[in-house]
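In: Make a model of this:
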Amino acid sequence: MTKCPGQDMQQWKFDAIYDVKCPSCGYMVEFFKDETKRKCPSCKQPVLNDRIDFGCAKWCPYAESCIGPEQYKNIELNEKLQKRRDDFSLLLDIVGDGNDAARDLFKKLYSENDNDDVLFDTKQLYLLRDTDEELCNSATAFFNRFLEEKKAREERELQSRQRTEEMIHKFKKT
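Out: Take a look at the predicted model:
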């Protein structure tokens, strides 16, 4: 079987090896561009390569056999984690710099969360109501604004995709 050009190390350029910061301890972990996950030499925690680009693996019918089932599974996990990081960044942007207590709360909830499918356990936010109702209300308001903005962005993306599909359809007719 012929090797995919993206997997052929002879085709790689100077930027095919780089460092990714370990989210647990901050150690810089060296990655080859085709590696999805490595164990941090410092803290032994798994580090995912957030710079990996297997764009072809998303559509190529041979991707799993080309890069292997473990790498293929890790690509999906990397995408999920990147989406979670992007959502968290949006949340912090909405909170802004003037609300340190809410920012710190969201950072704590995000870092303590083990579920990659959500930003944080919202139950933890509401448990705060008993000890700091003002912070709970403020953080809840920020989180609701985040949810509204996220929904608006998803709707804009959907509309953009629909416009693109319409343009492609019109182009094919001509």
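In: And the helices in the protein, which stretches?
Out: Listed in chain order, the helices of the chain (DSSP state H) span 63-67, 69-95, 100-112, 122-127, 133-173.
In: export those to TSV and tack on distance to Cys25?
Out: Backbone N, C-alpha and C define where each C-beta goes, glycine included. Listed next are the helices of the chain as TSV, based on distance: least, CB to CB, whole Å:
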stretch	distance to Cys25
helix 63-67	28
helix 69-95	17
helix 100-112	13
helix 122-127	24
helix 133-173	28
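In: any chance of those in CSV, plus mean neighbour count and mean pLDDT?
Out: Listed next are those as CSV, based on neighbours: other CB atoms under 10 Å; pLDDT from 0 to 100:
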stretch, mean neighbour count, mean pLDDT
helix 63-67, 17, 76
helix 69-95, 16, 86
helix 100-112, 16, 94
helix 122-127, 12, 90
helix 133-173, 12, 92
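In: Pull the contacting residues for the residue nearest to Leu128 when sequence neighbours are not counted.
Out: Nearest residue to Leu128, sequence neighbours excluded (CB to CB, 6 or more residues apart in numbering): Cys136, at 4.3 Å. Cys136 makes contact with Leu125, Tyr126, Leu128, Arg129, according to CB atoms under 8 Å, 6 or more residues apart in numbering.
In: And the last one, how close does it get to Val95?
Out: Going from Arg129 to Val95 by CB to CB, to the nearest Å gives 18 Å.
In: Spatially nearest residue to the residue sitting nearest the centre point of the chain (excluding sequence neighbours)?
Out: The residue lying closest to the centre of the chain (CA atoms, centre = their mean) is Gln82, at 0.9 Å. In this structure, Gln82 finds its nearest non-sequential neighbour in Asp50, 6.0 Å apart by CB to CB, 6+ apart.
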